[in-house]
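Colleague: When you get a sec, could you give me coordinates for this:
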Amino acid sequence: MLYIKDLCGVYQPASKETILSAARKLSGYQFRRGAAILSPTAAKEVIGLKLTGLEHEVFGCLFLDSRHQVLAWREMFRGSINRNSVHPREVVKEALTLNAASVIIAHNHPSGGIQPSNEDLELTRTLTEILKVIDVRVLDHLIVGEEVLSLSETGHHSA
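Modeller: Predicted coordinates for the structure are as follows:
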């Protein structure tokens, strides 16, 4: 249990929203330009904090240089509670703008489940093929729910 001091100086249990908000702020430090993301576990930790607990779908990309150092995190698309439209062209444009060598794509499931849908798997294949043309590797696709699933760790994607 985490406690925070209220306006009267009394310690009260922190709400889930307060804890997640603080975690998202802290995760921003790990997304700073130049920080290295060297494993699926590191990616799952920082991206999981960013996308956990949201009430709408978000699709984002962590763009990396050739040494897997962070260039930028971009929230690319927002959706409704259970649907999000991803436009590969916009991902390509951002990768080129940032001169990225690789990318980790991620989205959340507001329902909390992490089972990849057929659409999730098809999106991974599509983005991998399209980005390969411009020499940008898709290292992983993370699905964030109550837990964080790495498609590369489960064999659904090979970088």
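
Colleague: Any regions of the protein where pLDDT drops low?
Modeller: Across the chain, the ranges flagged by pLDDT under 70 are 19-33, 80-84, 159.

Colleague: which residues in it form strands?
Modeller: Along the chain, counting by DSSP state E, strands occupy 3-5, 11-13, 58-64, 70-78, 102-108, 137-144, 148-150.

Colleague: so how far is the fifth one from its chain's centroid?
Modeller: Centre-to-centre, strand 102-108 and its host chain are 5 Å apart (Cα atoms, centre = their mean, to the nearest Å).

Colleague: Which neighbouring elements make contact with it?
Modeller: helix 40-51, strand 58-64, helix 88-98, helix 118-133, strand 137-144 (3 or more Cβ pairs under 8 Å, 6 or more residues apart in numbering; DSSP states H and E). For every residue, glycine as well, the C-beta is placed using N, CA and C.

Colleague: These: which one's closest to S150?
Modeller: helix 40-51 (4.5 Å; Cβ to Cβ).

Colleague: Does R74 touch E94 like I think?
Modeller: Yes. In terms of Cβ atoms under 8 Å, R74 counts as a neighbour of E94; the distance is 5.7 Å.

Colleague: Now list whatever residues contact both of the two.
Modeller: Shared contacts of R74 and E94 (Cβ atoms under 8 Å, 6 or more residues apart in numbering): 61, 63.

Colleague: Including distance to N108 and mean neighbour count, could the helices and strands packed on strand 102-108 go into CSV?
Modeller: Shown next, in CSV, are these (distance: least, Cβ to Cβ, whole Å; neighbours: other Cβ atoms under 10 Å):
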stretch, distance to N108, mean neighbour count
helix 40-51, 4, 20
strand 58-64, 6, 22
helix 88-98, 17, 15
helix 118-133, 11, 15
strand 137-144, 4, 23
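
Colleague: and the ones you listed as a markdown table, adding distance to G79?
Modeller: Listed next are the helices and strands packed on strand 102-108 as a markdown table, based on distance: least, Cβ to Cβ, whole Å:
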| stretch | distance to G79 |
| --- | --- |
| helix 40-51 | 12 |
| strand 58-64 | 7 |
| helix 88-98 | 14 |
| helix 118-133 | 12 |
| strand 137-144 | 14 |
